[in-house]
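Engineer: got a predicted model here, sequence first, then my questions.
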Amino acid sequence: MQRYSLLSLARHALSHHQNWQRAWRQPPLRKDYEVLIIGAGGHGLATAHYLAREHGITDVAVLEKGWLGGGNIARNTVTIRSNYLRDESIPFYVKSVALYEQLTRQLNFNLMYSKRSMIDVVQTYPKLREIRRRMFNMHNHGSTYEPISVDELRRRIPPLTGGGPDARLPIVAGMVHTDAAVCRHDAVAWGLARSADDQGVEIHQNTAVQALLRGPDGRICGVETERGTVRAKKVAVAVSGHTTTLTETIGLRLPVKTFNLTAFVSEPVKPLIDVIVNCPDIGVYLSQSDRGELVIGGANDPGQSYRRDIKQHVFEDAVVAMLELFPSFKRLKLMRQWGGTLDIAHDASPIVSKTAIPGLYVSAGWWGGFKAVPAGGYTLAHLIAHDEPHPLIEPFSLDRFKHLDYVLESGTTAAR
Ligand SMILES: Cc1cc2nc3c(=O)[nH]c(=O)nc-3n(C[C@H](O)[C@H](O)[C@H](O)COP(=O)(O)OP(=O)(O)OC[C@H]3O[C@@H](n4cnc5c(N)ncnc54)[C@H](O)[C@@H]3O)c2cc1C
């Protein structure tokens, strides 16, 4: 792999940047692979990277219906955090944050990873109780969550001038999660793709999978694509919001539903906020990008949907909520708005699991799956390589729905 460095940048400047190697190849699609991964989003590409890196499995094709990194990984608000509630969840997300912290160096690709803390703005006592429960449990698992006073909260977020004692919902407390970070989403996809490709994995864009195929013995045996049949003994589905449309082609129903989530950005302004601000009671969160834009997100549209645009009333709800706490932002112009799909399991926890069909694996339920890209890929690669779950994902198997072993994480974010 061609190394990126200050020196290589300077050397290539001499040839007007005409001679850089392509970041990944475009090999011909073969008929047979050891492993197929469907979906070149964050999770599919991370799985390919770790399959090669950790397990030496490189006879792998990643099949992507559009362009790599063009799905939800391109549409999210890039918040990385580990402030979850359950014993089962926190270690998984702590691992993900730890893997993220090594990734720029490991991939030799600048992910613009910026650790900047997240501050929860608490406006109701039930939320304060929930968040304090989380704090105690997070401390048990090595994650950070510290209470701060309202004065300190206002000091650290200067434009937060709403939510005073006479407001509809006065601010009652703040909680700081210092492990939280943001990171450039496209770079995560591109860095992982470049590394997987360098280790021998093939990435095939414009190759939509139309159906999963089962052999006479009941095992998975490959997939039908718009470019023909491709065979493999192991197939992993990592298609985010489209999981059920694929698994239903083989008669496999999963306990996930797909929803639309939206986000929008303001015009760039001078540095205003250097933390991620999360307002769980009113359902809005925001951070300021390196370019100065405010990146703003709200709650998901509660109706099931595959739409990727933005519903006006969902957008208005988020804007109204934001202006309650940040009244001065009414002068900001908004530049872009967009939506994406989230697949949410019934207990709002991910599914990284074998299925009832031998050789078929799914990675789904990622309503906050950007933060989970490294750990999701790392653990799915382990599952594919050993046909046994990594300890971190044992609680996230499909079996939990049979035994009612839910890992309930509903209510731990603005989005759900
Ligand atoms: C507005 C918004 C804000 C968000 N904010 C955050 C956040 O701040 N923090 C966070 O952690 N998460 C966030 N998320 C969630 C996060 O983006 C997703 O959970 C995560 O990107 C999903 O994993 P992925 O990257 O693998 O999915 P994707 O990038 O969607 O990858 C799946 C890929 O599968 C491909 N595909 C689908 N069907 C097929 C098929 N039949 N054949 C071949 N390929 C197929 C798609 O084209 C796509 O490229 C947000 C999501 C949205 C929409």
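Structural biologist: Yep, that arrived.
Engineer: how does this structure divide up, domain by domain?
Structural biologist: Following automatic domain parsing, the chain resolves into domains at 27-109+184-255+346-403, 115-180+258-344.
Engineer: could those be laid out in CSV, adding mean neighbour count?
Structural biologist: Where C-beta positions appear, they are placed from N, C-alpha and C, glycine not excepted. Below are the domains of the chain laid out as CSV (neighbours: other CB atoms under 10 Å):
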stretch, mean neighbour count
domain 27-109+184-255+346-403, 21
domain 115-180+258-344, 18
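Engineer: can you list the ones you listed in CSV and add distance to Ser8?
Structural biologist: Shown next, in CSV, are those (distance: least, CB to CB, whole Å):
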stretch, distance to Ser8
domain 27-109+184-255+346-403, 10
domain 115-180+258-344, 23
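Engineer: now these in JSON lines, with distance to the ligand and mean pLDDT?
Structural biologist: JSON lines is the format used below for these (distance: least, CB to the nearest ligand atom, whole Å; pLDDT from 0 to 100):
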{"stretch": "domain 27-109+184-255+346-403", "distance to the ligand": "2", "mean pLDDT": "97"}
{"stretch": "domain 115-180+258-344", "distance to the ligand": "2", "mean pLDDT": "95"}
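Engineer: list the contacts of Arg272.
Structural biologist: Check again: residue 272 is Leu, not Arg. Pro158, Pro159, Gln288, Leu294 (CB atoms under 8 Å, 6 or more residues apart in numbering).
Engineer: measure the second one to Leu286 for me?
Structural biologist: By that I understand Pro159. 10 Å (CB to CB, to the nearest Å).
Engineer: what's the answer for the first one, then?
Structural biologist: Going from Pro158 to Leu286 by CB to CB gives 14 Å.
Engineer: find residues that contact each of those two.
Structural biologist: The contact sets of Pro158 and Leu286 overlap at Ile273 (CB under 8 Å, 6+ apart).
Engineer: where does Lys401 sit: helix, strand or coil?
Structural biologist: Small correction: residue 401 is Phe, not Lys. Assigned by DSSP: H, G, I helix; E, B strand; the rest coil, the conformation of Phe401 is helix.
Engineer: how close does it sit to Pro358?
Structural biologist: According to CB to CB, Phe401 and Pro358 sit 19 Å apart.
Engineer: I'd like the next helix or strand past the lengthiest helix in the chain.
Structural biologist: Criterion DSSP state H: the longest helix present in the chain is helix 89-107. Using DSSP states H and E, the helix or strand that follows helix 89-107 in sequence is strand 114-115.
Engineer: list the contacts of the most centrally placed residue in the chain.
Structural biologist: Geometric centre of the chain, nearest residue: Phe370, 1.5 Å, by CA atoms, centre = their mean. Listed by CB under 8 Å, 6+ apart, the contact set of Phe370 reads Gly42, Asn72, Ile73, Asn76, Val78, Thr79, Ile80, His185, Val188.
Engineer: let's see it at 7 Å
Structural biologist: Gly42, Ile73, Asn76, Val78, Ile80, His185 (CB atoms under 7 Å, 6 or more residues apart in numbering).
Engineer: looks like the first one contacts Ile73 (just checking).
Structural biologist: The reference is to Gly42. Yes - assessed by CB atoms under 7 Å, Gly42 is found in contact with Ile73 at 4.3 Å.
Engineer: redo the contacts of Leu272 as CSV? Include secondary structure.
Structural biologist: Shown next, in CSV, are those (three-state DSSP):
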residue, secondary structure
Pro158, coil
Pro159, coil
Gln288, strand
Leu294, strand
